[in-house]
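**Q** Dropping a prediction and its sequence here:
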Amino acid sequence: MDSAERAYAREVGRRLRLVRKQQRYSLQAVEALSAKEFKASVLGAYERGERSISVPRLRRLAAFYRVDVEQLLPRPTSELTPAVSTTERAARILDDDRVTIDLAEMERAASVAAPTTEKCTIDLQRLRSLEGPERELLERYLGMIQVQRQDFNGRVMTVRREDLRIIGALLGLSLEGMIEHIDRLGLRALPEPR
């Protein structure tokens, strides 16, 4: 492998590890759950960028993780810069030991974030067990949110009030009606006991 191929393999590996860890699988768990199709040692080598993974194998691994294969591939070089949050934009590293913080930007970030405090956690595993067009619509919309957030834990997803309003509008429901509908379908995840 030349240096560009190694860098690409490392980035694929980083994304593979991210998805695996978000789904709370160990390397050994993936090996066991995949009936040894994905050996722990080989998957570890992929994740470290020591081995390149073939496209068919990457597709099977994406199917195992229940994510689109595109989520496991690096973006083109022009897009390799990670998405930067408003908070990250406010703090800029000037050199190895100095950071500048734009307080006005931080204040804007806080005021924008304030209206979106009402959230609902959706049980994605329960959603997968439903049938029909509502399931497809919800999976597509929530899948889009997963891609934006790079959040592939696969069990639950917290959605904001505005997301619920949009999903409700697509289904012809008000925000309150959408929340009631989620409860009727049994999709609201209960908080885990501490």
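**A** Perfect, I can see it now.

**Q** For the rest of this, base every contact and every neighbour count on C-alpha atoms.
**A** Will do.

**Q** And the one helix or strand Ala29 maps to, what's buried?
**A** Remark: Ala29 resides in helix 27-33, with elements defined by DSSP states H and E. By neighbour count, with 16 or more other CA atoms under 10 Å as the criterion, the buried positions of helix 27-33 are Leu27, Gln28, Ala29, Val30, Glu31.

**Q** contacting residues for the third one?
**A** Right, Ala29. For Ala29, no contacting residues are found, by CA atoms under 8 Å, 6 or more residues apart in numbering.

**Q** if I look at it, how far off is Val19?
**A** Using CA to CA, to the nearest Å, Ala29 is found at 14 Å from Val19.

**Q** which residues of this protein score low on pLDDT?
**A** Judged by pLDDT under 70, the chain has its weakly predicted residues at 76-118, 191-194.

**Q** That one: strands as residue ranges?
**A** Listed in chain order, the strands of the chain (DSSP state E) span 91-95, 98-101, 119-123, 156-160.

**Q** Now do the longest helix along the chain: distance to the chain's middle.
**A** Longest helix in the chain by number of residues, with DSSP state H as the criterion: helix 3-22. Offset of helix 3-22 from its chain centre (CA atoms, centre = their mean, to the nearest Å): 15 Å.

**Q** So which elements touch it?
**A** Under the contact criterion of 3 or more CA pairs under 8 Å, 6 or more residues apart in numbering; DSSP states H and E, helix 3-22 touches helix 40-48.

**Q** and the residue nearest the centre of the chain, what is it in contact with?
**A** Against the mean C-alpha coordinate of the chain, by CA atoms, centre = their mean, the closest residue is Asp151 at 1.6 Å. Each residue near Asp151 by CA under 8 Å, 6+ apart is listed here: Val19, Gln22.

**Q** try Glu134
**A** Leu171 are the contacts of Glu134 under CA under 8 Å, 6+ apart.

**Q** okay, now the residue nearest to Ser52 when sequence neighbours are not counted: neighbour count?
**A** For Ser52, the nearest residue in space outside its immediate sequence neighbours is Ala9; the separation is 5.7 Å by CA to CA, 6 or more residues apart in numbering. Number of residues near Ala9 (other CA atoms under 10 Å) recorded here: 24.
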